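Undergrad: one predicted model, sequence on top.
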2 protein chains.
Amino acid sequence: MQRANANRTRRPDRDAGRAPMRRPGGVGSAPPRAARHAGGVHPLVDSRENERLFRYEDGVKQAFDRITPVLKQISAYQHETDFEQRAQQTARQELGFELPPEILADAWICQLDMKRLFAWCVFETYRRYCDAFFSDDPLVADSAEDFAAFLQGCGFHTLDISPCADGRLAHVIRYVLRLPQDHVRRKSYAGATFDVEDSIQKWVEVEMLRYREGRPNLADAPTRYLKVVVYHFSSVDPEHQGCAAHGSDTRLAASEGLKRLEGFREAIENSFCCGASIDLLLIGMDTDTDSIRVHMPDGQGRIDLDTHIDSLGLFGETANLAPADAQAAIERSVAAAVDDAADGMQRFVARLLHNNLSQIAYVRTFHGSHYADIGHAERFIGAGIGFEEVQLRNLMYFAYLNTVEEATKDMDVGIKIFSGLNAAHGLPIPVVVRFDYHGQVPGARERAVERCRHVAAAVAARYAKVFERGLLHVMQVVRDCTGSGPIEVVDCSVMANEFAGAH
Amino acid sequence: MQRANANRTRRPDRDAGRAPMRRPGGVGSAPPRAARHAGGVHPLVDSRENERLFRYEDGVKQAFDRITPVLKQISAYQHETDFEQRAQQTARQELGFELPPEILADAWICQLDMKRLFAWCVFETYRRYCDAFFSDDPLVADSAEDFAAFLQGCGFHTLDISPCADGRLAHVIRYVLRLPQDHVRRKSYAGATFDVEDSIQKWVEVEMLRYREGRPNLADAPTRYLKVVVYHFSSVDPEHQGCAAHGSDTRLAASEGLKRLEGFREAIENSFCCGASIDLLLIGMDTDTDSIRVHMPDGQGRIDLDTHIDSLGLFGETANLAPADAQAAIERSVAAAVDDAADGMQRFVARLLHNNLSQIAYVRTFHGSHYADIGHAERFIGAGIGFEEVQLRNLMYFAYLNTVEEATKDMDVGIKIFSGLNAAHGLPIPVVVRFDYHGQVPGARERAVERCRHVAAAVAARYAKVFERGLLHVMQVVRDCTGSGPIEVVDCSVMANEFAGAH
């Protein structure tokens, strides 16, 4: 396997990390007034939060990336007499879990079925990662409760973000923008060209809840639904590592995102009376440095593709200022960006820019001038609806779908990427098919299970050649998204046996 | 072609039809007080409306059923010198439209491509039928405006009916229940097991509009959303001609329908606060006589599978009474059916039973003791979302879908039915792929066109064997469902030519 794990990340400077510092306010609270960082990165950067976020990201990725070397080690002694015992010991020590005895037990007959074992380990690691996410809440933001109030103070009752489905943007909410993921609606689409009809439905639901239940605020509060699109580009290799859905054409990615935003607003204005409208925001993200450029709407709500505020520039300009001066500089630059921008929108954008400075420092501290993996390096494919636990960069290739038929392009791209990453080296492509459901709706779980079954069958049929060679494995998972319960594995091709039937 | 058109319908008794009579009030108005029918059918039957509805149904079906004999006639002289001219003359006279010259022009080379010609004629007839429906409003109900008031008077602001998708129930709204089709939400599903999530979405939208725009009434009006399931059975051949989705097991069809209804109510009650709930009604329909059995909820909203009011029995019991006495008898039987049924529900059910008496008479007058075509005899398959013009029995086999993948079972059944009806005789299976869209939503038309393209490709791929032999043709159609405009044909396999490319 050619996946270079070495140099993927650089260890944090432990001394700098341990330097005593005031804990700044988190997401959504009053602007953090961080003490000047010991390492002198930037006055507004939250280094302790960076440290915490890195520990989590690194822990998760290490868990996935340890699989290959451990299995390699186990492979070496597969024909020795105490193989099973030794293999389990190694697995327990290195991976933290035992391997399925039935796979190990058959190794003597021919050889260890490494493809099945690898897929099993990836799926098990995913399951453990999910369990930890839902039981430990590792990405909880300190001031998540304040965020709703901050958002409403800016004039928005709902924040609905559609990033590109590219795995390099999977961390956009919690890392890049430092927002509490459970207060933001995220719905990813290839090329960030979101489904307008789906967004209208969400708007309708939000309005209903405001009127009927006063959630999140009363319908007569002067707030709006804010829809954000995050497109992306690559500063290191703009011609090849930009958005695949738009042929790495940054301007096209931005203009298509804007077109959807304007279409959504027009749809709301045309479909509902009484001055119904929404607010829009367009953000570009550099997937190499995690910096952002914000296209802020002017007083008339118009967004200009050529006008944006660049967080990387702000980072440099404010790096040597006192915290209050740096904050003031951000606010000045937001105020000067466009004509008559609404005060609330300005406050919101200033907060995003401020938050993003920490992420810029995160990349610099742990990865250098840019990420080492500027291209695709996902660990598995996720297909279906759900995956709220995936808030980490380049962990999962996401195909948001109800059926493979409507998302063949997305799936084909995913399979192609993983053909290079895994199948070319003889390792299977791990696909998690997942459908979340609302547990309070009778029959919803059964329908989610049925949907899993359909989609898994469609994946197996569409990629029959690799599937039949054991180079593609599918785990089927459902989850009740109303609670904080774990995922439920309903089927998995790894444990299927054509002679014994599925176990 | 073995489709027996003869004896499919019996001509109305023209004299009885022409007998002078008072025009009774239509759907939703005060109960019609019809004069005793000249033919003595039943005091509450609206014979003039029956006559009008029959003329329309018969006209549409004749248009489809003329295609085969006309093409047979044309086939006979396909090698004569004045063939093209004669064929066009016959087509104009008998079908009302000309045939595509390019298909006729090539007949001399080998022989007339009858498969393409047949499919073209079915599609053209469908197009003309749609155009007439949207421009002439042939099924308009006199008192449609009163219906909303009547419904609200009964305690309901929305009437949402899910019948089985079987073509023998396609006329349930306008014919069997005599309701104005544009005041009823119809969403058909195989086995009437409707999508609970989709219904929740509709409920949310309705609540939003009541709160926000006061449509159809204000949110504080004491009315509820009424969800109705119509399952079906066959009195003539109960073991074979019942609901295919439930293996012709009537009790299973009823209990599965009830389970969905109760699941929907539970979902609303669990998902929303402030006493949110809905009302339910379960109706069984005999597809041979079009009579209904209504399972009315009691005072606690409970529906009993074994308790129902049977319109066929009521028809017999009240046939010789004076109109007022017949009406009173219906009301008594409704009042006695269950304990403490709500007054409004009783009024509504009495109206449905009253309305259905006309349909029972319709079948008796024009078809005899039951329909001749008690099984499937659809003219084409409709796949997608839309088809509001299809309010006629056994005209179209409907597969409600966004993708073929999620509806393979429905599509397979449809293709199987038409393999017997058409392909077995060498005639192609005509499939209309249709997606309606909301014209006020930017990009919605393009997305509908794209969806057509996907589904048409999936149909061609799934049934490649018949498709490649020219035994399956697909026309792609979209329509802006916000207006009363016509359908728009966006592509059609009939005019595709592998050498010339699509025309």
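TA: Right, received. Where do you want to start?

Undergrad: switch to C-alpha atoms for all contacts and neighbour counts from now on
TA: Fine.

Undergrad: so after the helix or strand where A:Asp160 lies, what's the next helix or strand?
TA: Assigning secondary structure by DSSP states H and E places A:Asp160 in strand A:156-163. Moving toward the C-terminus from strand A:156-163, the next helix or strand (DSSP H and E) is strand A:185-186.

Undergrad: which neighbours does that next one have in its sheet, and in what orientation?
TA: Within its sheet, and counting by DSSP bridges, strand A:185-186 is paired with strand A:156-163 (parallel).

Undergrad: and the partner strand, what's its mean pLDDT?
TA: For strand A:156-163, mean pLDDT is 98.

Undergrad: likewise for stretch A:372-382?
TA: Per-residue scores along stretch A:372-382 average to 94.

Undergrad: please apply the same query to stretch A:44-60.
TA: Stretch A:44-60 comes out at a mean pLDDT of 97.

Undergrad: list the buried residues in it.
TA: Of all the residues in stretch A:44-60, those buried under the rule 16 or more other C-alpha atoms under 10 Å in any protein chain shown are A:44-51, A:53-54, A:57, A:60.

Undergrad: redo the residues you listed as a markdown table? Include distance to A:Leu117 and secondary structure.
TA: Listed next are the buried residues of stretch A:44-60 as a markdown table, based on distance: C-alpha to C-alpha, whole Å; DSSP: H, G, I helix; E, B strand; the rest coil:
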| residue | distance to A:Leu117 | secondary structure |
| --- | --- | --- |
| A:Leu44 | 46 | coil |
| A:Val45 | 42 | coil |
| A:Asp46 | 41 | coil |
| A:Ser47 | 39 | helix |
| A:Arg48 | 38 | helix |
| A:Glu49 | 36 | helix |
| A:Asn50 | 35 | helix |
| A:Glu51 | 33 | helix |
| A:Leu53 | 30 | helix |
| A:Phe54 | 29 | helix |
| A:Glu57 | 24 | helix |
| A:Val60 | 19 | helix |
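
Undergrad: and chain B, is the one helix or strand A:Val477 maps to touching that?
TA: Following DSSP H and E, one finds A:Val477 within strand A:472-480. No. Strand A:472-480 stays clear of chain B (C-alpha under 8 Å from any C-alpha of the partner chain), getting no nearer than 13.5 Å.

Undergrad: helices or strands next to that strand in the packing?
TA: Taking 3 or more C-alpha pairs under 8 Å, 6 or more residues apart in numbering or on different chains; DSSP states H and E as contact, the helices and strands that strand A:472-480 lies on are helix A:114-136, strand A:429-437, helix A:444-462, strand A:488-492.

Undergrad: give me the buried positions along it.
TA: By neighbour count, with 16+ other C-alpha under 10 Å as the criterion, the buried positions of strand A:472-480 are A:472-480.

Undergrad: that strand: how far from the chain's middle?
TA: Using C-alpha atoms, centre = their mean, to the nearest Å, the mean C-alpha position of strand A:472-480 is found 18 Å from that of the whole chain.

Undergrad: show the pLDDT at A:Ala107.
TA: What the model reports as pLDDT for A:Ala107 is 85.

Undergrad: A:Arg116 is in contact with that one, correct?
TA: No. Counting by C-alpha atoms under 8 Å, A:Ala107 sits too far from A:Arg116 to count as a contact (11.8 Å).

Undergrad: out of the helices and strands packed on strand A:472-480, flag the one nearest B:Asp339.
TA: Taking C-alpha to C-alpha as the criterion, helix A:444-462 is the member of the helices and strands packed on strand A:472-480 that comes nearest to B:Asp339, at 32.1 Å.

Undergrad: state the mean pLDDT of that closest one.
TA: The average pLDDT within helix A:444-462 is 97.

Undergrad: same question, stretch A:467-475
TA: Along stretch A:467-475, the predicted confidence averages to a pLDDT of 97.

Undergrad: what's it in contact with?
TA: Residues external to stretch A:467-475 that are found in contact with it (C-alpha atoms under 8 Å, 6 or more residues apart in numbering or on different chains): A:115-116, A:119, A:123, A:423, A:426-433, A:456, A:460, A:466, A:489-494.

Undergrad: stretch A:207-220 near chain B anywhere?
TA: Yes. Contact between stretch A:207-220 and chain B, assessed by C-alpha under 8 Å from any C-alpha, occurs at A:207-208, A:211-213.
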